[in-house]
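**Q** Structure here, sequence nowhere to be found:
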């Protein structure tokens with residue numbers, strides 16, 4: 001029997017999706033958008049409103065609305081109002097990285113701007129009239145400032161007025177740009193965004209991943225020279241850690257197969273290497289990351305020989321392992337992915353899911369006890385909520401469009 005198609009399991013996935021959505025309601029911030037939640041589910045009022053969190057929460061509540069959760073549509077509107085209002089830079093264009101009563105971090109970051117595209121794409125799929133104009137604006141901003149047509153990759157960040165560019169390139173920002181382009185291509189029926197997505201995944205996976213034994217380099221100079229020692233003195237950085245990030249290998253594995261399917265649905269050619277490469281990325285991440293230090297769980301990072309560096313277990317890594325195993329099983333039918341899928345959920349249920357306070361513990365130590373070395377609190381529903389959807393929806397179109405189609 002196929003676990004992902006079992007009625008009881010699918011019911012549990014839906015219940016977990018709804019439980020998570022309920023937890024996040026407390027993140028609504030009167031300053032606009034969504035705030036940072038603590039372990040107990042209360043909002044940390046000392047932190048600014050982050051663009052990336054507000055957009056992720058807008059995205060997940062669009063998914064919740066499409067899944068029929070009462071009140072979710074109002075939360076999407078709250079998120080859109082912040083994207084349209086206080087988070088938006090009406091003077092120079094684009095969006096602030098964080099705000100309080102005004103900008104706290106006024107840099108323009110590709111990572112966060114990718115989530116503006118994702119959030120507004122999902123809101124379009126959920127039927128919010130104001131979202132399409134915001135989505136088109138976000139794509140215009142991204143095209144004018146972040147997208148590098150020569151390299152086929154996204155630039156990293158700029159000062160508020162776009163006059164000075166950060167001399168750094170990052171694979172993480174490009175990973176979420178890829179995700180955002182796939183979502184926007186679906187709601188706008190725009191093949192040019194699929195072409196960009198294909199260029200990103202080709203360079204990162206088929207060139208960088210394949211050329212580095214499937215351990216993805218993350219950090220580069222402005223001319224795309226690898227910086228393999230980047231942040232060697234800040235190894236547990238939440239966004240730019242030293243070494244290879246296990247969760248990103250898993251995430252790229254999933255995104256590679258989703259890109260392949262999106263291309264085919266659009267009538268475009270998909271390279272033959274994509275399925276093989278997705279499997280190789282997954283195998284390397286699992287081999288390097290899972291239970292390599294005497295306890296279950298995925299370590300956060302490894303060095304370029306596969307030796308663990310940061311041993312804390314991040315909730316998002318297990319969530320991405322679930323998603324990758326689910327799509328690999330659907331793509332290949334190989335039962336080892338179904339066995340892995342069951343194992344990754346068993347780990348989440350035993351260690352990560354916090355039944356008392358809600359949501360998932362965002363970080364555990366090497367003994368699987370709650371930890372706060374890299375992350376404080378529980379600010380992010382995005383990975384966990386999506387992990388409950390990937391097993392139940394097709395590889396493409398994007399989650400919001402798939403849900404809208406299912407319920408239409």
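**A** Structure's in. What do you need? Note that the coordinates shown come from a computational prediction; the quantities given were computed from them, not determined experimentally. Numbering: from 1, shown residues only.

**Q** Now do the one helix or strand residue 133 maps to: which elements does it pack against?
**A** Assigned by DSSP states H and E, residue 133 belongs to helix 131-141. On a contact count with 3 or more CB pairs under 8 Å, 6 or more residues apart in numbering; DSSP states H and E, helix 131-141 meets helix 72-84, helix 110-125, helix 171-188. C-betas here are computed from N, CA, C, even on glycine.

**Q** And the second one, what's buried?
**A** The neighbour-count check on helix 110-125 (16 or more other CB atoms under 10 Å) flags 110-125 as buried.

**Q** Over to the shortest one?
**A** Burial within helix 72-84, assessed by neighbour count using 16+ other CB under 10 Å, is assigned to 72-73, 75-80, 82-84.

**Q** so what does that helix touch, helix or strand wise?
**A** By 3+ CB pairs under 8 Å, 6+ apart, helix 72-84 packs against helix 51-66, helix 110-125, helix 131-141.

**Q** Now do that helix against helix 51-66, angle only.
**A** Counting by axes from the mean of the first three to the mean of the last three CA atoms, to 10 degrees, helix 72-84 lies at 150 degrees to helix 51-66.

**Q** next SSE after helix 72-84?
**A** Assigned by DSSP H and E, the successor of helix 72-84 is strand 98-99.

**Q** Would you pull up how far that following strand lies from the middle of the chain?
**A** Distance, stretch centre to chain centre, for strand 98-99: 20 Å (CA atoms, centre = their mean, to the nearest Å).

**Q** nearest to residue 157, of the helices and strands packed on helix 72-84?
**A** helix 110-125 (6.4 Å; CB to CB).

**Q** For the helices and strands packed on helix 72-84, could you give me a markdown table that also reports mean pLDDT?
**A** Listed next are the helices and strands packed on helix 72-84 as a markdown table, based on pLDDT from 0 to 100:
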| stretch | mean pLDDT |
| --- | --- |
| helix 51-66 | 98 |
| helix 110-125 | 98 |
| helix 131-141 | 98 |
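
**Q** Compare these and report which one is nearest to residue 235.
**A** That would be helix 110-125 among the helices and strands packed on helix 72-84, by CB to CB, at 19.6 Å.

**Q** by how many degrees do the closest one and helix 72-84 diverge?
**A** Going by the same axes, to 10 degrees, helix 110-125 makes 140 degrees with helix 72-84.

**Q** How far does helix 110-125 sit from its chain's centre?
**A** Put simply, helix 110-125 sits 11 Å off its chain's centre (CA atoms, centre = their mean).

**Q** What helices and strands are in contact with that helix?
**A** The contact analysis (3+ CB pairs under 8 Å, 6+ apart) places helix 110-125 against helix 51-66, helix 72-84, helix 131-141, helix 171-188, helix 399-407.

**Q** on that earlier part again, residue 251 is nearest to which of the helices and strands packed on helix 72-84?
**A** Of all the helices and strands packed on helix 72-84, helix 110-125 comes closest under CB to CB, at 13.1 Å.

**Q** now that closest one and helix 171-188, what's the angle there?
**A** Going by the same axes, to 10 degrees, helix 110-125 makes 20 degrees with helix 171-188.

**Q** how near is the residue nearest to residue 94 when sequence neighbours are not counted to residue 299?
**A** Once flanking residues are discounted, residue 94 sits nearest to residue 108: 4.5 Å by CB to CB, 6 or more residues apart in numbering. As judged by CB to CB, to the nearest Å, residue 108 and residue 299 stand 33 Å apart.

**Q** And these two? Which one has more around it.
**A** Between residue 108 and residue 299, counting by other CB atoms under 10 Å, residue 108 is the more crowded of the two (28 against 24).

**Q** Kindly provide the distance from that one to residue 173.
**A** Counting by CB to CB - residue 108 and residue 173 are separated by 12 Å.

**Q** what about this structure, any weak spots by pLDDT?
**A** Low-confidence segments of the chain (pLDDT under 70): 1, 407-408.

**Q** show me where it has helices.
**A** In the chain, the segments counted as helices under DSSP state H are 7-24, 51-66, 72-84, 110-125, 131-141, 171-188, 191-201, 246-265, 273-289, 315-332, 335-347, 382-387, 399-407.

**Q** Which one, of those, ends up nearest to residue 163?
**A** Short answer: helix 131-141, nearest of the helices of the chain by CB to CB, at 15.3 Å.

**Q** residues contacting residue 269?
**A** Counting by CB atoms under 8 Å, 6 or more residues apart in numbering, residue 269 makes contact with residue 263.

**Q** Just put the helices of the chain in TSV and tack on distance to residue 32.
**A** Putting the helices of the chain into TSV (distance: least, CB to CB, whole Å) gives the following:
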stretch	distance to residue 32
helix 7-24	16
helix 51-66	8
helix 72-84	4
helix 110-125	13
helix 131-141	14
helix 171-188	21
helix 191-201	28
helix 246-265	29
helix 273-289	37
helix 315-332	25
helix 335-347	35
helix 382-387	19
helix 399-407	22
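
**Q** so which of those helices gets nearest residue 295?
**A** helix 335-347 (10.4 Å).

**Q** Show me how far that closest one is from its chain's centre.
**A** For helix 335-347, the distance to the chain centre is 21 Å (CA atoms, centre = their mean).

**Q** ok, now stretch 167-184?
**A** 10 Å.
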